[in-house]
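K.L.:
starting from these lines, generate the structure:
(4 chains, ligands or ions: 4)
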Amino acid sequence: MEYVIEMNNITKEFGNFKALDDVTFKVKKGEVHALLGENGAGKSTLMSVLFGLYQAEKGEIKINGEAVKINNPNDANALSIGMVHQHFKLVHNFTVLESIVLGKETIKRGFLKMDDARKKVMDLSNRYNLRIDPDAYISDITVGMQQRVEILKMLYRDNDMLIFDEPTAVLTPQEIEELMKIMKHLVDEGKSIIFISHKLNEIKEVANRCSVLRKGKYIGTVDVETTSKEEMSEMMVGRKINFHLDKIEVKPGETVLEVKNLTIRSKLSKKDVVNNVSFKARKGEILCVAGIDGNGQSELVYGITGLMPINNGQIILNGEDITKKSIRKRSVAGMSHIPEDRHKHGLVLDYNLQQNAVLQTYFEPRFQNHGFIKFGAVRQYAQKLIGQYDIRSGQGEDSIVRDMSGGNQQKVIIARELDRNPEVVVAVQPTRGLDVGATEYIHKQLIAQRDAGKAVLLVSLELDEVMDVSDRIVVMYEGEIVADLNPKEITVQELGLYMAGSKRSVNNEKEA
Amino acid sequence: MKKKHNLLQSKGTSSFFSVIMAIVAGLLFGFVILLISNYKNAFPALITIIKGGFTNGTSGLGQVLYMATPIIMTGLSVGFAFKTGLFNIGASGQFTTGAFVAVYIGIKWTFLPSGIHWIVALLGAIIAGALWGMVPGILKALANVNEVITSIMMNYIGIYLVNMLIVKSIYDPLKNQTESVPKSAIIPRGGLEQLFDVKNMNIGIFIAIFAVILIYIVLSKTTFGYELKACGHSPSASQYAGINDKRNIILSMVIAGALAGLGGGLLYLSGSGKYMQVIDILAPEGFNGISVALLGMSNPIGILFAGLFIAHIKVGGNNIQLYNYSAEIIDIIIAVIIYCGAFSLLFKNLIHKLTRRNKLEKEEGR
Amino acid sequence: MDIFYFIVQQTMFFAIPLLIVALGGMFAERSGVVNIALEGIMVMGAFTSIFFIHFMQDKMSGQLLLILAVLVAGLTGGIFSLLHAFASINLKADQTISGTALNMFAPAFAIFTARMIQTVQQVQFTDTFFISKVPVLGSIPVIGPLLFRNCYITTYIGIGIAIAAEIVINHTRFGLRLRSCGEHPQAADSVGINVYKIRYAGVVISGVLAGIGGLVFVVPTSTNFNATVAGYGFLALAVLIFGQWRTKRIIFAAFFFGIMKTFASAYSGIPFLKGLPISNEVYKMIPYIATLVILTISSKSSQAPRAEGIPYDKGSR
Amino acid sequence: ACGKQNDKKTDTDKTEEKTETTTPEATPDPTKEAEAPKTDTYELALITDVGTIDDKSFNQGAWEGVEAYAKEKGLTYKYYQPTGKSDDEYMTQIDLAVKGGAKVIVCPGFLFEVPIHTAQTKYPEVNFVILDGAPHADEKDAPMDITSNTYSVFYAEEEAGFLAGYAIVKEGYTKLGFMGGIAVPAVIKFGYGFVQGAEYAAQELGLADDAVQVKYTYVGNFDATPENMAKAASWYNEGTEVIFACGGGVGNSVMKAAETAGTKVIGVDVDQSSESPTVITSSMKNLSKSVYDALVAYYNNTFPGGTSAVLNASVEGVQLPMATSKFEKFTQADYDAIYAKVVAGEIALKKDTDVADAKAVEGTKTVVELIQ
Ligand SMILES: Nc1ncnc2c1ncn2[C@@H]1O[C@H](COP(=O)(O)OP(=O)(O)OP(=O)(O)O)[C@@H](O)[C@H]1O
Ligand SMILES: Nc1ncnc2c1ncn2[C@@H]1O[C@H](COP(=O)(O)OP(=O)(O)OP(=O)(O)O)[C@@H](O)[C@H]1O
Ligand SMILES: [Mg+2]
Ligand SMILES: [Mg+2]
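P.N.:
Residues are numbered from 1 along each chain as shown, chains lettered A, B, ... in the order given. Ligands and ions are numbered 1, 2, ... in the order given. Predicted structure coming up:
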């Protein structure tokens, strides 16, 4: 009984599209098994089949050597399989405790009996060092805690086989580190883990073996220790990936975007989530705003782009004060925005690709004439973007965006925002959840913008990205800018200290 | 061959087929009811229903157009709001206030020259309906109040207010209704009364068709429509794109209200001897508008045909009284047709699957 | 004091049916299905149950008959609502479609069937259910005249339903699961909850309650049933939204609306309102205007169940 | 073109009428015939107005007259229900009824005034009975214009109301209410008569000044609604003993309120005693009898076409159904006596056209409290 999980010759179709084509995937007991593949390769789909969310058209699943049918998550659960989904499955107005017990409630005569559950959850929380507040509402807790809730959900169900679908995409470096520890701890206890990630460093650190999918097909399984990152990524995309970003030196030019004493007060907590922040972004420079999630970066961007009203301060774009200007005016004045939440802000999911391609430009004369849309021009433009940015989807420019894979959805946004020839690009986590190929591509695009003399304001939680791409780094901590750094002069460790608030080099001068 | 596939694939066509299926199902159901209540005449009665407006020569057709006009307008109102993500259940109140202002202007502003009078009265109806739609719009945009509930409230406020105003201004106490509207405010016949054997046929239907085309163009061809639909699908993404979503919510409701208000004006200025009565009943045209919009799949052109169709079989339903069936059967049939509209998704997916398979096979072969 | 008791007693007649039906709507909507068919379901429930009373009143009378009728009404509503559930859950159709269809179907069906059976469309019934004073309880000072005189057993049924609804929604496993389906069905599905089943349950409960609400609406206010519930289904929908989909607030909303309605229709018998120079039509408008005003003030944070109105599709992401 | 065709048709029809052979409207248009080959024909027709045929009131009363006569003579009969309320839609029903072979069409309600004005010339061979109205053109203040194939019937509702008001005060009640549906002439006349009847009885009984109080309102609809029921309940709660519920379904709401309050109701139009035990009497106009009589006249070739009649007590156009009334003090003899006085015209009653509101018809013994 070598394998705890065996998925043999799995084929899964969506309509006529083969998301999985004869995939074989085997996990040994007590290992962390990484699953690697480009966006849309079928990783989540494969795991959903294992977890009973989807039924495969062909193939068989063996758990502990026995052939099983997994028709729904209950079956999976009964087989001791648990899953942390790529997009968390938590109810926003449930408490942490309710979220964990949902589906496996302890009851007495039909009534909920939370006390036992609470005890068990708190025990688990302590044992695995998964810190949570059982009575907090999901909508009020950080993404990191949400993830811990998801993990506790699995543990609460006494699952032995744990699936983590891109758990690190939304975590801060510290949280990632913590998660790695937890995973090792879990494996030490004899549990088996499937770990999906696009980040080869993480796979290198935590995984024992790694299986690779490409376009729905199984490519192979390798031993992580003996395989280099380059080899793995080549397996994944079918070509060599250049991990080193070629960046020519560019001398920053004049200031494009200036933020002066920006303050934003939270409506809920009445706290200054952005506190007297000032900085300048110059032509030919990628300025990165680093920081742990929840330190005011999102609000800062909302304030700059106009999605949130600000309480104090000034925003100046190319010498023009845009503080009170509408979103549209800012956009026309040359501000591009790659938003953090692509589903909420970036795309009208029920519009097709063409319609989304002109979301920021539909009113320009090239796309409309006296208020009438020039459909031919829009189509051509969408086709151009598809070609240029390698956007893949079922029906080309007519695809409804909702049906597209996350990576390709992101590409639509990137294409749209960069192709507008902006003065400044405000990019928030532009590569979140993207595979290495796509990430590389987007980084290159951002650098190209900078080389073309644009200013890029990059907000990222990923230290690698911060260090590799940016020309200058400002670090935000509790709403304030605590450091203004040159990436060539600091180490990742140092940066981490600034982010954690244990070091600061810029003082917050209220009067300035 | 290619052409045919494109045709089948196009959303419009598969919607059309599913509507036809729904209609067939509804009629079958109606037939069963006819059989149950009196099997002897069931068949000729069914034929009469299907023939609908074609039964009585031009007079039947005229009747269809007359009946269809107001429900096309309220249908358009509801359907337009649907397209922009709002559920305008308040078409009834907008219809009533529009009708009142039209009738009021018709009766009181007799100083207007006759070529202008009716136009001003209809404009009044449009404005009144727009205002009535604006209230839910503003409350939704600025205070986050669900438009369904405000529309329901506005329906009742509308009916009571209009009743009060009628009694204060243009009341005929002998008949508990408004006074009659002078000829100058009646919508012109445009020669239609000669084409159709209905005394009071007028160009209202053309005004409705014009509104349909206008809304169709606005929604599908203009940037304004693009914005409105974007707000309907995703307010947050629209906001991100610099679209003023609050303004658009208000505008959507204003336009929806204006359409329903115009419907009220068109009906009560039709010169058909229709009077606004002082009675505490919500105008049924508003709720029929929901049916029309759903049957027309919120597509303006679809709504036009849905309105005509419902009027058509209602005329048929009226005629089956001669076979001793009660006209309620028609409501049952329409209900079933709308219900079967729910199957359209199923049907559409089926067509989609079939055509896609063909397409893929073809592509593979290439 | 008398007039105060009177107002409370009258308020019950408006508030209780609204309450029951709005709570029904709550179960559907918090499971994720919008139910605008409440009006139609009320009509159906009232129709069959009043018919039931009509036929049975020779053989029995009083509270037993009424309770049986309540069961009939609930059963009818539950069955009728299955149509809505089927269309909006299985067929994943737009939920206004079947709602509108049911609203249209019910009165036409009631009239048609009544005429088939008894040639007239009104269904007559004899009211043997009125309780002028509940034994013992009716004699308690203040509480007695307030709650236990001039009433119907349906009032207590309504209050019982409200209490049960609060408990079920907030304190049972079913309630927890129901809420999860209305907020995030994918989450529910991923922990092995059958979203379809839960939603069916939600819709059927709404049907049962709306059916009962139809009967409860008719019994204290007329001597026959004439295929209409006078828009109270839509008002219940409004109460549901006014109550922000929460039991306690719905109770408040229903009684608020009920008391406004009582003032509006019984002002001529209420001393302090009688003298005011306000016309009948204005009084009629007041409940609706008051509701609008309160909503405007209180809606900023109102949030419908997030997944409400969105058909759940296992495959969708 | 159409107009001409119509003219031709009526010409042929007229010639046919002379020969009096087949049903009217049978020959002229062959296409129409072909389209509807097998429809049954109905000789007597009634078209409902706002209410339905079984409204327990106005339409139903008229329908019962049609039904009674038709059954008696073995004639075919049928009612038609308009799809909407407008002159055109009523006209459509008249067309349909004619197509259905109607010889006599009964139209209850003043809403038919304009449509019948059109129809009486369009279908000269068909006879029309209009209740509560008289045909006139579609213009403001147009005078009555009635042709020989139309018979217009009004009722002296004020007399019916008078009888009810008189009887109820004689019975010993002094706290009264009048709850009208909508303020249309018939309803107003009932109301005024009711107040005047109460006053008359109070005078006879020698009651103190202002001894009889009448709450008086029009609720604005003809439906059974909780609002109407609450309104009635509030009156009863305040001490009102009897309410004259004068408006179709409103009656059901009032009866309900009376059932719970243990008070009384006066019904309207038809004998409503079977609706509820609280109905003490009904202020009836003899709808069915007048329709029946008109039909008898038609088949005896004495159809009073071209005239408009007001059916009052003298022709038994109004009454209280004494047999089903639940009076304890007010006797048949009392009824006969007062009825005779009304017939004799001894009592001058004010009508809707005479005074502005019900306040103006109160007397020394009666106070009317108008509730607007
Ligand atoms: N419900 C669905 N309906 C249609 N197509 C789907 C569905 N779910 C997934 N797909 C398609 O199947 C393919 C595989 O998707 P999947 O989510 O498994 O990719 P992934 O490897 O997890 O990618 P990512 O790294 O972006 O998460 C994609 O092309 C996607 O568009
Ligand atoms: N995400 C959240 N964040 C903060 N507070 C919340 C959140 N969700 C709910 N609450 C608050 O918690 C309380 C309980 O919420 P819940 O949704 O159970 O409603 P409730 O008050 O119990 O009403 P009902 O009993 O009628 O359902 C409410 O007062 C609500 O305002
Ligand atoms: Mg994935
Ligand atoms: Mg709760």
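
K.L.:
confidence score at whichever residue of the stretch 201-350 of chain A sits closest to chain B?
P.N.:
Nearest residue of the stretch 201-350 of chain A to chain B: A:Arg328, at 3.1 Å (C-beta to the nearest C-beta). Heads up, the C-betas are built off the backbone N, CA and C, glycines and all. Looking at A:Arg328, its pLDDT stands at 93.

K.L.:
okay, now it: neighbour count?
P.N.:
Using other C-beta atoms under 10 Å in any protein chain shown, A:Arg328 is surrounded by 15 other residues.

K.L.:
and what of C:Val142?
P.N.:
When neighbours are counted by other C-beta under 10 Å, C:Val142 comes out with 10.

K.L.:
quick one, phi psi at it?
P.N.:
Phi and psi for C:Val142, reported as degrees, to the nearest 10, are phi 60, psi -70.

K.L.:
any idea how far B:Ile332 is from it?
P.N.:
Distance, C:Val142 to B:Ile332, using C-beta to C-beta, to the nearest Å: 51 Å.

K.L.:
point me to the residue of chain C nearest chain D.
P.N.:
Residue of chain C nearest chain D, by C-beta to the nearest C-beta: C:Gly269 (2.7 Å).

K.L.:
and for the stretch 201-350 of chain B?
P.N.:
In the stretch 201-350 of chain B, the residue that lies nearest chain D is B:Gly273 (2.2 Å; C-beta to the nearest C-beta).

K.L.:
hang on, the earlier thing: and the residue of the stretch 201-350 of chain A closest to chain B, how far from ligand 2?
P.N.:
According to C-beta to the nearest ligand atom, to the nearest Å, A:Arg328 and ligand 2 sit 32 Å apart.

K.L.:
shouldn't that residue be in contact with B:Gly242?
P.N.:
Yes. The pair A:Arg328 / B:Gly242 is scored as a contact, 3.1 Å apart, by C-beta atoms under 8 Å.

K.L.:
ranges for the strands of the stretch 51-200 of chain D?
P.N.:
Taking DSSP state E, counting those that start in this stretch as the criterion, the stretch 51-200 of chain D carries its strands at D:77-80, D:104-108, D:127-131, D:150-155, D:175-180.

K.L.:
among these, which is nearest ligand 3?
P.N.:
With C-beta to the ion, the closest approach to ligand 3 among the strands of the stretch 51-200 of chain D belongs to strand D:77-80: 65.9 Å.

K.L.:
for the closest one, which helices and strands make contact with it?
P.N.:
Judged by 3 or more C-beta pairs under 8 Å, 6 or more residues apart in numbering or on different chains; DSSP states H and E, strand D:77-80 is in contact with strand D:44-47, helix D:58-73, helix D:87-99.

K.L.:
next one: the closest residue to B:Glu227 other than its chain neighbours relative to A:Ile310, how far apart?
P.N.:
Nearest non-adjacent residue to B:Glu227, counting by C-beta to C-beta, 6 or more residues apart in numbering or on different chains: B:Ile243, 4.9 Å away. Using C-beta to C-beta, one gets 21 Å for the distance from B:Ile243 to A:Ile310.

K.L.:
quick revisit: what's the closest of the strands of the stretch 51-200 of chain D to B:Ile72?
P.N.:
For these, the distance to B:Ile72 is smallest for strand D:77-80, at 26.0 Å, taking C-beta to C-beta.

K.L.:
who does that closest one pair up with?
P.N.:
Within its sheet, and counting by DSSP bridges, strand D:77-80 is paired with strand D:44-47 (parallel).

K.L.:
could you pull up the mean pLDDT of the strand it pairs with?
P.N.:
94.

K.L.:
just stretch D:353-361 next, same as before
P.N.:
On average, stretch D:353-361 scores 85.

K.L.:
same question, stretch A:403-416
P.N.:
Throughout stretch A:403-416, pLDDT has a mean value of 87.

K.L.:
CA atoms of that stretch as PDB?
P.N.:
The C-alpha trace of stretch A:403-416 is given here as PDB (Å, rounded to 0.1, in the frame of the first residue of the first chain):
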ATOM      1  CA  ASP A 403     -15.800  31.500 -18.300                       C
ATOM      2  CA  MET A 404     -12.200  32.300 -18.700                       C
ATOM      3  CA  SER A 405      -9.400  31.000 -16.400                       C
ATOM      4  CA  GLY A 406      -8.100  33.300 -13.700                       C
ATOM      5  CA  GLY A 407      -4.800  33.900 -15.400                       C
ATOM      6  CA  ASN A 408      -6.300  34.800 -18.600                       C
ATOM      7  CA  GLN A 409      -8.800  37.100 -16.900                       C
ATOM      8  CA  GLN A 410      -5.800  38.900 -15.400                       C
ATOM      9  CA  LYS A 411      -4.100  39.100 -18.800                       C
ATOM     10  CA  VAL A 412      -7.200  40.900 -20.100                       C
ATOM     11  CA  ILE A 413      -6.800  43.500 -17.500                       C
ATOM     12  CA  ILE A 414      -3.100  43.900 -17.900                       C
ATOM     13  CA  ALA A 415      -3.500  44.200 -21.700                       C
ATOM     14  CA  ARG A 416      -6.200  46.800 -21.300                       C
END
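
K.L.:
quick one, helices of the stretch 201-317 of chain C?
P.N.:
Counting by DSSP state H, counting those that start in this stretch, the stretch 201-317 of chain C has helices at residues C:232-242, C:247-266, C:271-274, C:280-298.

K.L.:
return the list of helices and strands in contact with the first one.
P.N.:
Spelled out, it's helix C:232-242. Applying 3+ C-beta pairs under 8 Å, 6+ apart, we find helix C:232-242 packed against helix B:147-169, helix C:2-30, helix C:38-56, helix C:195-218, helix C:247-266, helix C:280-298.

K.L.:
cool, thanks, signing off.
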